[in-house]
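A.B. asks: this one's sequence-less:
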Ligand code: GLU
């Protein structure tokens, strides 16, 4: 028998939800509900100063306004530090974690070939420190903790993007599990939370596709099952520019003034290919219509008039 789907939406409430988040929540929700599965909400507020409770509550209110319902009370990552510490201890016991004292400036001066705008391969400077050197440095500065990754490929098949593979050492490098200020990194937290919540289907933006091999590697080390992954197209404005949190006019505070719930959902469902033409629609009306085979694979352009400077 096929396992029942457990899906989730996991926003980072560092600002108001915007249309890209709503699209992601919508596809994750419909995919789970279409199969009669469960749907969970997790608030990824690890970076507490940037993610105040007020914004988390706003995200919850916005999702409820749009018609989303979840099957369990939302999890807050900011309340789960002890759980992440336990996972960290397991990795430490395997001898795979080492302290890293590099400053931001050193990291940028010593990077191996660039992986793009945001990701750089760590050159491994602190992996080579002797215990004595590490001991001395730790008196001067609190270290970050990194996971040592092997020169090994991780491969998986994404539900929309197809086969993916990455060599962890070459393409990604040893990555941070816990920052020097004590905050846990996204990779460890997301893997632990999905596994402990029984999530078996991860639907999220394509901007996170490249983090997935690291997460799969962590799952293997911690003995967790691997969920199915579907990385969805990103939204762009009418000019093809990626939406970002800075596009204030596409966050719900502005959109809610100009559009109804049914118009917002209908525009996204039409753009994503779930319905032929955008038309006002409720979330639950989309459940029986959902099919991943209908969902477009390219970035989705919003109609002009949205995401543009208002006169
Ligand atoms: N918190 C991440 C975000 O808001 C999503 C993480 C995930 O879905 O795995 O972009």
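C.D. replies: Right, received. Where do you want to start? None of the values given here were measured: they were computed from a predicted structure. Numbering: from 1, shown residues only.
A.B. asks: right, and residue 206 touches residue 159 too?
C.D. replies: No - judged on CB atoms under 8 Å, residue 206 makes no contact with residue 159 at a distance of 11.6 Å. For the C-beta atoms, the positions are set from N, CA and C on the backbone; glycine is no exception.
A.B. asks: need the residues touching each of the two.
C.D. replies: Shared contacts of residue 206 and residue 159 (CB atoms under 8 Å, 6 or more residues apart in numbering): residue 231.
A.B. asks: okay, now the single nearest residue of the stretch 101-250 of the chain relative to the ligand: neighbour count?
C.D. replies: Nearest residue of the stretch 101-250 of the chain to the ligand (CB to the nearest ligand atom) works out as residue 204 at 3.5 Å. If you count neighbours by other CB atoms under 10 Å, residue 204 ends up with 21.
A.B. asks: residues in contact with whichever strand or helix holds it?
C.D. replies: Using DSSP states H and E, residue 204 falls within strand 201-205. Strand 201-205 is contacted from outside by 5-10, 20, 24, 27-28, 31-32, 37, 194, 227-232, 234, using CB under 8 Å, 6+ apart.
A.B. asks: just the ones in helices from the residues you listed, please.
C.D. replies: Among the contacts of strand 201-205, the ones falling in helices (DSSP state H) are 20, 24, 27-28, 31-32, 194.
A.B. asks: right, and residue 138 touches residue 98 too?
C.D. replies: No - under the criterion of CB under 8 Å, residue 138 is not in contact with residue 98, lying 11.5 Å apart.
A.B. asks: which of those two has more neighbours?
C.D. replies: Taking neighbours as other CB under 10 Å, residue 138 and residue 98 compare with residue 98 leading, 20 against 12.
A.B. asks: and the one helix or strand the more buried one maps to, what's buried?
C.D. replies: Assessed by DSSP H and E, residue 98 sits inside strand 97-100. Residues of strand 97-100 classed as buried: 97-100 (neighbour count, 16 or more other CB atoms under 10 Å).
A.B. asks: around the ligand, which positions in this structure sit nearby?
C.D. replies: Contact residues (CB under 6 Å from any ligand atom) of the chain with the ligand: 10-12, 44, 190, 204, 208.
A.B. asks: can you rerun that using 8 Å?
C.D. replies: Proximity of the chain to the ligand (CB under 8 Å from any ligand atom) is limited to residues 8-12, 21, 24, 44, 186, 190, 194, 202-205, 207-208, 211.
A.B. asks: so what's residue 138 closest to, chain neighbours aside?
C.D. replies: Leaving aside its sequence neighbours, residue 138 sits nearest to residue 99 (CB to CB, 6 or more residues apart in numbering; 6.4 Å).
A.B. asks: show the model's pLDDT score for residue 246.
C.D. replies: Residue 246 carries a pLDDT value of 66.
A.B. asks: I misspoke; the intended subject was residue 309.
C.D. replies: Residue 309 is assigned 45 on the pLDDT scale.
A.B. asks: go on, residue 123?
C.D. replies: Turning to residue 123, the model gives it a pLDDT of 87.
A.B. asks: burial count for the closest residue to residue 304 other than its chain neighbours?
C.D. replies: In space, and not counting its chain neighbours, residue 304 is closest to residue 238: 3.7 Å by CB to CB, 6+ apart. Taking other CB under 10 Å as the criterion, the count of residues near residue 238 is 13.
A.B. asks: low-confidence regions, the stretch 151-300 of the chain specifically.
C.D. replies: Per-residue confidence for the stretch 151-300 of the chain (pLDDT under 70) gives these ranges: 245-246, 249.
A.B. asks: all strands for it, in order.
C.D. replies: For the stretch 151-300 of the chain, the strands defined by DSSP state E, counting those that start in this stretch occupy 153-158, 162-167, 175-178, 201-205, 228-232, 235-236, 300-301.
A.B. asks: of all these, which one is nearest residue 216?
C.D. replies: Residue 216 sits nearest to strand 153-158 of all those, at 5.2 Å, using CB to CB.
A.B. asks: which elements pack onto the closest one?
C.D. replies: If you count contacts as 3 or more CB pairs under 8 Å, 6 or more residues apart in numbering; DSSP states H and E, strand 153-158 packs onto strand 162-167, helix 212-222, strand 228-232.
A.B. asks: any chance of JSON lines for the ones you listed, columns mean neighbour count?
C.D. replies: What follows is those, written out as JSON lines (neighbours: other CB atoms under 10 Å):
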{"stretch": "strand 162-167", "mean neighbour count": "13"}
{"stretch": "helix 212-222", "mean neighbour count": "19"}
{"stretch": "strand 228-232", "mean neighbour count": "21"}
